[in-house]
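Participant: Need a 3D model of the sequence below.
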Amino acid sequence: MSIQKVFVRSAYNYDRDLASDEAALCCEDPHLTVQDSAEDFDPNVVIDRVKRGIDVSVSLSARQPIYGDFTEAKSRHELMNEIAASNSIFYLLPETTRKQFNHDPSAFRNWAAADENIDKLVEFGLVEKVEPSQPVEPLAPVVAPAPAGGAKEGE
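Facilitator: Presented below is the predicted three-dimensional model:
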């Protein structure tokens, strides 16, 4: 049986730089980071553009803010309940129907919302076929009766 020697590090027999270089991850391959748009996101450049009156919202965000009265909007909880209900309805469909949409309820909802797919929805039994109603004939214009007593306008 042989006894292994134990190495004890001290300030005099241990090179921290050499140990760091041996243990470090060294990436020598070309970097994939794109530096072309780095200037668009540099805070100093953005502030300078704002000072000069240049619109920076286009470069910072593709989404534009939407302003309006949203007091009648549903809460997040109500919307999540609607999504859960529509998902449960989707999973009640036959497996062959769900497979056409890769078992993705949102893909089915997007497909079902298109007007050209109404016939397929009727075929699946999800909606009833509505017969077009008779066109409504326009009413004859209503003529106001002449004023009684022969009064003239403007008197």
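
Participant: Averaged pLDDT, the helix ranked longest in the chain. What do you get?
Facilitator: Ranked by residue count, the top helix of the chain under DSSP state H comes out as helix 76-90. Helix 76-90 shows a mean pLDDT of 91.

Participant: Which positions within it qualify as buried?
Facilitator: Phe90 (16 or more other C-beta atoms under 10 Å). Every C-beta, even on glycine, is put in place using the N, C-alpha and C of the backbone.

Participant: What helix or strand is Leu121 located in?
Facilitator: Using DSSP states H and E, Leu121 maps to helix 118-124.

Participant: mind exporting the longest helix of the chain as PDB, just the C-alpha atoms?
Facilitator: Extracted C-alpha coordinates of helix 76-90, given in PDB (Å, rounded to 0.1, in the frame of the first residue of the first chain):
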ATOM      1  CA  ARG A  76     -57.300  38.800 -16.700                       C
ATOM      2  CA  HIS A  77     -59.100  36.200 -14.600                       C
ATOM      3  CA  GLU A  78     -62.200  36.300 -16.800                       C
ATOM      4  CA  LEU A  79     -60.100  36.000 -20.000                       C
ATOM      5  CA  MET A  80     -58.100  33.000 -18.500                       C
ATOM      6  CA  ASN A  81     -61.400  31.300 -17.700                       C
ATOM      7  CA  GLU A  82     -62.600  31.800 -21.300                       C
ATOM      8  CA  ILE A  83     -59.400  30.300 -22.600                       C
ATOM      9  CA  ALA A  84     -59.700  27.300 -20.200                       C
ATOM     10  CA  ALA A  85     -63.300  26.800 -21.400                       C
ATOM     11  CA  SER A  86     -62.300  26.900 -25.100                       C
ATOM     12  CA  ASN A  87     -59.400  24.500 -24.400                       C
ATOM     13  CA  SER A  88     -61.700  22.000 -22.700                       C
ATOM     14  CA  ILE A  89     -64.200  22.200 -25.700                       C
ATOM     15  CA  PHE A  90     -61.300  21.600 -28.100                       C
END
